[in-house]
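S.K.: give me a model of this one.
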Amino acid sequence: MNSPSTPPSDQGEGLTTPASTHYGMSDFARVRKFDAHVHLNVDDPALVQLALEDGFELMTINVDAPDFTPIAGQRAIAIAMADAYPGEVHWSTSFSMSGFGQPGWTERVTEDMATADAEGARAVKFWKDIGMGAEDPEGHLVMLDHPELMAVAEEARALGLALIGHQGEPHNCWLPLEEMTTENDRRYFSRRPQYHMYLHPELPGHDDLIAMRDRFLTALPGLRFVGAHLGSLEHDVDQLGAFLDRFPDATVDMSSRMSQLQFQSLQDRERVRDFFIRYQDRVLYGTDLSFHPSADPVKFCRAAHGIWTSDWRYLATDESQRVNALDADVPGLALPRDVIDKIYYGNAVRVFELADSANDDSAASVGESVPRR
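M.R.: Predicted structure coming up:
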């Protein structure tokens, strides 16, 4: 299932594309889009129905997070949703670090991953507990480049699954609350001190985790890697660009990191805009929307629609909007239409090796109207 990576053929081109080529808010619902990072943790089609109305396909990502539906339940929900909405819901498998280092752990994980591949999974998720919490039987922190995890990644590569890696946290995580750049990070880490690494100097630092991830990728050439949350380099688009230059098979998704991009664009809008144009083939749109059993479906979908339209306003249009996480008005980047089409759809189809339903008679091509159910 492996296919050679597609290098960004037009990096650096179009940096002075006229603003008249960008989309507006009236284009939002009709343009084909893909949210490459959501979590459907409840057997309820409400978010999928909203996605269809708003022109999205979804990638629901299984993950062994403590406040999520158990991972077996997540898989059952993902398969059921993908069966009910073929071509519109896709999914990523994952695994638990429980029992790591005990006899048979690697074999169980790789066999389960092969089963998930046969059931339709397009990727496998490696979560942040690797390097930030999971321990081996001797009580040592398990790092991403451990031989057993390398074996799991080798099997993912052999199966042709993309590997979605969430290593580290936002750079703000290693700062005191008052020095963080966004209010959403201050709120998140104030409520979850176990993940606030500033309070845990005994654990690896941000640079340590990034170096760990880079050693891992160096050892696995050809692996289709998706760095979740902008690869935990959300604080500096120049560093993020250097990462993408170094690893041509890597892409990143934008989930839960929009306010950090907006913070930078307040300082230098053109630097951020040029990043997206230069690396237009290497970025996937995503949100990290997590639909839990405790959520009110109506309220959740209202919030999801608000996030999707707000992000579109920032990336696709030249309109300004109030961003509460920054307590500031942030102007849109007005990215060219062809760049938006890649970030919002084309890149995900390529990275997850999805059959482009644009070739079907019943479906619209990128940039055209999306049919409703």
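
S.K.: my read is that Gly55 contacts Asp27, right?
M.R.: No - here Gly55 lies out of contact with Asp27, judged by C-beta atoms under 8 Å, at a distance of 9.6 Å. All C-beta spots, glycine's among them, are computed from the backbone N, C-alpha and C.

S.K.: those two - which one has more neighbours?
M.R.: Gly55 (23 against 16; other C-beta atoms under 10 Å).

S.K.: ok, now how distant is the more buried one from Val31?
M.R.: Using C-beta to C-beta, to the nearest Å, one gets 6 Å for the distance from Gly55 to Val31.

S.K.: buried residues in the host helix or strand of Ala158?
M.R.: Ala158 is part of helix 147-159, with elements assigned from DSSP states H and E. For helix 147-159, the neighbour count (16 or more other C-beta atoms under 10 Å) marks Leu149, Val152, Ala153, Glu155, Ala156, Arg157, Leu159 as buried.

S.K.: now stretch 224-237
M.R.: For stretch 224-237, the neighbour count (16+ other C-beta under 10 Å) marks 224-235, 237 as buried.

S.K.: ok, now stretch 48-56?
M.R.: Val48, Leu50, Ala51, Leu52, Asp54, Gly55, Phe56.

S.K.: restricting to C-alpha, output that stretch in PDB.
M.R.: Extracted in PDB, the C-alpha atoms of stretch 48-56 (Å, rounded to 0.1, in the frame of the first residue of the first chain):
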ATOM      1  CA  VAL A  48     -21.400  13.900  10.800                       C
ATOM      2  CA  GLN A  49     -24.700  15.500   9.600                       C
ATOM      3  CA  LEU A  50     -23.400  18.900  10.400                       C
ATOM      4  CA  ALA A  51     -20.200  18.100   8.500                       C
ATOM      5  CA  LEU A  52     -22.200  17.200   5.400                       C
ATOM      6  CA  GLU A  53     -24.100  20.400   5.600                       C
ATOM      7  CA  ASP A  54     -20.900  22.400   6.000                       C
ATOM      8  CA  GLY A  55     -19.100  20.500   3.300                       C
ATOM      9  CA  PHE A  56     -16.700  18.400   5.400                       C
END
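
S.K.: all numbers from here: first residue = 587
M.R.: That works, and once the first residue is 587, the last one we named lands at stretch 634-642.

S.K.: give me the contacts around that stretch.
M.R.: 614-621, 626, 643-644, 667, 670-671, 674-675, 887, 890-891, 894, 956, 958-959 (C-beta atoms under 8 Å, 6 or more residues apart in numbering).

S.K.: what lines up beside the top strand by length along the chain in the sheet?
M.R.: The single longest strand within the chain, with elements called by DSSP state E, is strand 619-626. The pairing partners recorded for strand 619-626 under DSSP bridges are strand 642-647 (parallel), strand 875-877 (parallel).

S.K.: could you give the average pLDDT over it?
M.R.: Averaging pLDDT along strand 619-626 gives 98.

S.K.: and for it, what's in contact with it?
M.R.: Residues outside strand 619-626 that contact it (C-beta under 8 Å, 6+ apart) are 633-634, 637, 640-647, 649, 654, 660, 663-664, 667, 675, 750, 812, 814, 839, 841, 870-877, 894, 930-931, 934-935, 938.

S.K.: Thr837 versus the closest residue to Arg832 other than its chain neighbours, what's the distance?
M.R.: Spatial nearest neighbour of Arg832, excluding adjacent residues (C-beta to C-beta, 6 or more residues apart in numbering): Asp800 at 7.3 Å. To Thr837, Asp800 is 15 Å away according to C-beta to C-beta.

S.K.: ditto for Ile929
M.R.: Taken as C-beta to C-beta, the span from Ile929 to Thr837 is 10 Å.

S.K.: need the overlap of contacts for these two.
M.R.: Counting by C-beta under 8 Å, 6+ apart, the residues touching both Ile929 and Thr837 are Val869, Leu870.

S.K.: and the contacts of stretch 634-642, which of them are buried?
M.R.: The neighbour count (16+ other C-beta under 10 Å) marks 614-615, 617-621, 626, 643-644, 667, 671, 674-675, 887, 890-891, 894, 956 as buried among the contacts of stretch 634-642.

S.K.: which residues touch Ala920?
M.R.: Counting by C-beta under 8 Å, 6+ apart, Ala920 makes contact with Ala605, His608, Arg859, Ala902, Thr903, Asp904.

S.K.: low-confidence ranges, the stretch 637-786 of the chain, go.
M.R.: Within the stretch 637-786 of the chain, the set of residues satisfying pLDDT under 70 is empty.

S.K.: the strands in it, which residues?
M.R.: Assigned by DSSP state E, counting those that start in this stretch, the stretch 637-786 of the chain shows strands spanning 642-647, 675-679, 709-712, 748-751.

S.K.: and the two most separated of the buried residues of stretch 810-823?
M.R.: For those, the maximum inter-member distance is 24.8 Å, found between Arg810 and His821 (C-beta to C-beta).

S.K.: so which of the buried residues of helix 733-745 is the closest to Val695?
M.R.: Val738 (5.5 Å).

S.K.: just checking, Arg859 touches Leu847?
M.R.: No - judged on C-beta under 8 Å, Arg859 makes no contact with Leu847 at a distance of 10.3 Å.

S.K.: is it true that Gly610 touches Arg899?
M.R.: No - at 9.4 Å, Gly610 and Arg899 do not qualify as touching, with contact defined as C-beta under 8 Å.
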